[in-house]
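Colleague: Give me the fold of what follows.
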Amino acid sequence: MKKTLFVVLAICLMAGVVYAQELSISETVKKIPALDNGGYYSLLDSRFNYSGTFKVLQTKDEKFALNVGYSGRAKESFDKAIVTVSGNLLKLKDYVNVPILDLLSFDPYIAVGYGRINIKEIDNSQFDIGIGANIIKVKF
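Modeller: Numbers count the residues shown, from 1 in each chain. Here you go, the predicted structure:
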């Protein structure tokens, strides 16, 4: 009985052999989306805010994108989680060959966000809407 159990266990272990692949940090880092930095004007607070977003969805022609991210604190305004819809109007790298221009772009967007999110009383959360632009991309 012990031999039979040992043989069955050995066959199962041989069938489930795991092959490890080489870990490439550079390939893994390339998969991290770029952080888009910019600012927006809050239409409700009447203040300028910093924003940092990541692309979640993008059209095939790379003209429009749905971004999610964070909006920084301005005076008398609070931190917010934001969702933006942006359009790519200008890529300087299409006109001039300078390596740093890969990081500069002008993507205007419409932002909708919530600050001080209160799950139990969603009416007490701070809704915000604004217009702005992503200017600098930080690639990892």
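Colleague: Report the residue spans of the chain with pLDDT below the cut-off.
Modeller: Scanning the chain for pLDDT under 70 picks out 12, 14-21, 73-77, 90-94, 117-119, 122-123, 140.
Colleague: quick one: the strands in this structure?
Modeller: Secondary structure of the chain (DSSP state E): strands at 35-42, 47-58, 64-71, 80-87, 90-91, 104-115, 126-138.
Colleague: Partner strands of the longest one and their direction?
Modeller: When sheet partners are counted by DSSP bridges, strand 126-138 sits next to strand 35-42 (antiparallel), strand 104-115 (antiparallel).
Colleague: hmm, back to that, between the strands of the chain, which gets nearest to Lys3?
Modeller: Closest to Lys3 of the strands of the chain is strand 47-58 (Cβ to Cβ; 56.2 Å). C-beta coordinates here come from the backbone N, C-alpha and C atoms, glycine included.
Colleague: Sheet-wise, list the partners of the closest one with their directions.
Modeller: Paired neighbours of strand 47-58 in the sheet (DSSP bridges): strand 35-42 (antiparallel), strand 64-71 (antiparallel).
Colleague: May I see the buried residues of that strand?
Modeller: Under the neighbour-count criterion of 16 or more other Cβ atoms under 10 Å, strand 47-58 has Arg47, Asn49, Ser51, Gly52, Thr53, Lys55 buried.
Colleague: so can I have JSON lines of the strands paired with strand 126-138 showing mean neighbour count?
Modeller: Below are the strands paired with strand 126-138 laid out as JSON lines (neighbours: other Cβ atoms under 10 Å):
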{"stretch": "strand 35-42", "mean neighbour count": "20"}
{"stretch": "strand 104-115", "mean neighbour count": "19"}
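Colleague: Adding distance to Glu62 as columns, could you present the ones you listed in a markdown table?
Modeller: A markdown table is the format used below for these (distance: least, Cβ to Cβ, whole Å):
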| stretch | distance to Glu62 |
| --- | --- |
| strand 35-42 | 13 |
| strand 104-115 | 10 |
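Colleague: Tell me how many other residues crowd Ala98.
Modeller: For the record, residue 98 is Val, not Ala. Val98: 10 surrounding residues under other Cβ atoms under 10 Å.
Colleague: The spatially most central residue of the chain and Gly113, how far apart?
Modeller: For the chain, the residue sitting closest to the mean C-alpha position, by Cα atoms, centre = their mean, is Phe54 at 1.9 Å. As judged by Cβ to Cβ, to the nearest Å, Phe54 and Gly113 stand 14 Å apart.
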